[in-house]
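my questions concern the predicted model and sequence given below.
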Amino acid sequence: MVNPIYISDDAADTHLSPAEYQVVEEINRRAALVNSIVELIDFLFSQISPCLPCDRIGVAFIEENGRRLVAYHAVARCPQVLLSRGFAQDLKGSSLEAVIRDGRPRVINNLEAYHARHPNSVATALLLREGWKSSMTCPLAVDGRPIGALFFNAAESYAYEGHHVRLQRAIAERLSQAAEKAYRIEQLETVNKAYQEVLGFVAHELKNPVASMVTNARLLADGYVGEITPQQRQKIERIAFHGEYLIGFIETYLDLAKVENAEAAPNQVRIASLADDVIRPALDLLSGQIESRRLKVELFVPEAPVRARGDPELLRVLMINLIGNAVKYGRELGTIRVAMTPGQGQAEISVWNEGPGFPREKRADLFQRFVRQNTPELIRRKGTGLGLYTCWKIVQLHDGQIWADSEQGAWARFAFSIPVEPATATALTP
């Protein structure tokens, strides 16, 4: 048979034999339990042989807004799968275009003859090289929306008949929704990984030249390379100011990249003292900004060291974000209080500052990605909307909780708790 057979849309479960129906129901049950297409297709391959000729099963998904079909997974009884994951075919003008568009299964029972008539079909050539003589293709759709195709192949010619197509259609109906769900989850994971890699690379490559630019601008403004006019100094200081903002922006993204990487490979070590290894280093790093805004810092920590297991670098990022926000949004000449209170297996660390605060009804929005408060006092200060989200991620990695409270126009307080080693409660000392 040279030309493909397109099967009409009359396949129903009532046409299935009891054995076929049992296989379909087992696939339906398995599809509801797994989030892996590979696992699902491999299971189908192991179960389907008694019901229809099957030496190879493949699945492909539609990408690029319906313009391309991309192979996702194949399992076969052959030494090497040549039409493998990543193989892409443009749908426009291809023989699969009608199959996908019309939602009708297609049977090609003589692939050699079909390839003789369609010598430019790379997919057919690869299937023949793998050793297959027959092909059965069924579109995958969710709520009438095409998402891909399911392919069965057999080593003998004229392997497929009408009842095989009905069985394949019943299987495709069960698989479609689970397959799309698993495929989209993997797509999101792949995109997120690529996003983090690009994010880290670009931010790292930008940081050094921007820092050099700021240093040179400060040297010019301070007159180290010659006298400048007041107007020139003002412009140069503006360049330095914007450069420093950009460095802060870059560091925020680098911090987020660290957090995302830590999710894949957590660095949990024993922290001998949360005060000495986390809180004080963060305050030291921000001391210049604290002095420039003429803020008073009150530090309350226990005399005895509070020990924990965690990633000290990430916890310092957390403290730098919280204290840095208190410096940036706090009232000039105001007070910042940093306190740690040990409890039963937990320690609470908080940062309080005088300042505009935020509306209490907005507390639930604070720790979301790219969310910034739009009150007049806060919107004037530039930010990425990532700092508090990064804090939330770090606390989650340490099995803790984070929250905030405020009296708008007066103060704001951010606090988090993480597990610590058991210790006797000790009075706080300033």
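Arrived safely. Residues are numbered from 1 along each chain as shown.

closest to the centroid, which residue in the chain?
The structure's the chain has its C-alpha centroid closest to residue 192; by Cα atoms, centre = their mean the separation is 3.6 Å.

flag the shaky bits of the stretch 151-300 of the chain, pLDDT-wise.
Scanning the stretch 151-300 of the chain for pLDDT under 70 picks out the ranges 196, 199-201, 203-204, 245, 249, 253, 260-266.

show me where it has its strands.
Using DSSP state E, counting those that start in this stretch, the strands of the stretch 151-300 of the chain run over residues 269-271, 296-302.

mind listing residues that contact the first one?
If you take Cβ atoms under 8 Å, 6 or more residues apart in numbering as the criterion, strand 269-271 is touched by 277-278, 307-312, 315. No exception for glycine: its C-beta is placed from N, CA and C like everyone else's.

next structured bit after that strand?
Sequence order places helix 274 as the next helix or strand after strand 269-271, per DSSP states H and E.

quick one: contacts of that following helix?
For helix 274, using Cβ under 8 Å, 6+ apart, the contacting residues are 305-308, 315, 340, 347, 349, 420.

state the mean pLDDT of stretch 391-410.
Throughout stretch 391-410, pLDDT has a mean value of 91.

now do the same end-to-end measure for that stretch.
With Cα to Cα, to the nearest Å as the measure, the first residue of stretch 391-410 is 23 Å from its last.

and the gap between the residue nearest to the centre of the chain and residue 186?
Per Cβ to Cβ, to the nearest Å, residue 192 is found 11 Å from residue 186.

same question for residue 172.
In terms of Cβ to Cβ, residue 172 sits 20 Å off from residue 186.

ok, the two, which is more surrounded?
residue 172 (22 against 15; other Cβ atoms under 10 Å).

residues contacting the nearest residue to residue 134 once chain neighbours are set aside?
The spatially closest residue to residue 134, leaving aside those adjacent along the chain, is residue 159, at 3.9 Å (Cβ to Cβ, 6 or more residues apart in numbering). Contact analysis of residue 159 by Cβ under 8 Å, 6+ apart lists 53, 109, 133-134.

please repeat the previous calculation with a cut-off of 10 Å.
52-55, 107, 109, 132-136, 152-153 (Cβ atoms under 10 Å, 6 or more residues apart in numbering).

okay, those residues in CSV with neighbour count, secondary structure and distance to residue 126 next?
Compiled in CSV, these are given as follows (neighbours: other Cβ atoms under 10 Å; DSSP: H, G, I helix; E, B strand; the rest coil; distance: Cβ to Cβ, whole Å):
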residue, neighbour count, secondary structure, distance to residue 126
52, 21, coil, 22
53, 18, coil, 19
54, 24, coil, 18
55, 21, coil, 15
107, 23, strand, 19
109, 21, coil, 18
132, 25, coil, 10
133, 20, coil, 14
134, 24, strand, 15
135, 24, strand, 12
136, 27, strand, 17
152, 29, strand, 16
153, 28, strand, 11
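
distance to residue 400 for those residues - can I get that in JSON lines?
Formatted as JSON lines, these follow (distance: Cβ to Cβ, whole Å):
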{"residue": "52", "distance to residue 400": "54"}
{"residue": "53", "distance to residue 400": "57"}
{"residue": "54", "distance to residue 400": "51"}
{"residue": "55", "distance to residue 400": "53"}
{"residue": "107", "distance to residue 400": "58"}
{"residue": "109", "distance to residue 400": "62"}
{"residue": "132", "distance to residue 400": "55"}
{"residue": "133", "distance to residue 400": "61"}
{"residue": "134", "distance to residue 400": "59"}
{"residue": "135", "distance to residue 400": "55"}
{"residue": "136", "distance to residue 400": "54"}
{"residue": "152", "distance to residue 400": "51"}
{"residue": "153", "distance to residue 400": "53"}
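
ok, now which ones touch the residue in the chain sticking out farthest from the centre?
No residue in the chain sits farther from the centre than residue 227, which is 51.3 Å out by Cα atoms, centre = their mean. Going by Cβ under 10 Å, 6+ apart, residue 227 touches residue 233.

how about a cut-off of 6 Å?
Contacts for residue 227 were tallied using Cβ atoms under 6 Å, 6 or more residues apart in numbering; there are none.

phi and psi next, for it.
phi -70, psi 140 (degrees, to the nearest 10).

please tell me how far it sits from residue 309.
56 Å.

and if you look at residue 127?
When residue 127 is compared with residue 309 (using Cβ to Cβ), they lie 54 Å apart.

and the two? Which one has more around it.
residue 127 (25 against 14).

helix/strand/coil for the more buried one?
Classification of residue 127 by DSSP: H, G, I helix; E, B strand; the rest coil places it in helix.

and of the contacts of residue 159, the nearest to residue 415?
residue 152 (58.7 Å; Cβ to Cβ).

the closest one pairs with what?
Bridge pairing for residue 152 (DSSP bridges) gives the partners residue 57, residue 136.

correct me, but it touches residue 55?
No: using Cβ atoms under 6 Å, residue 152 is not in contact with residue 55; the gap is 8.7 Å.
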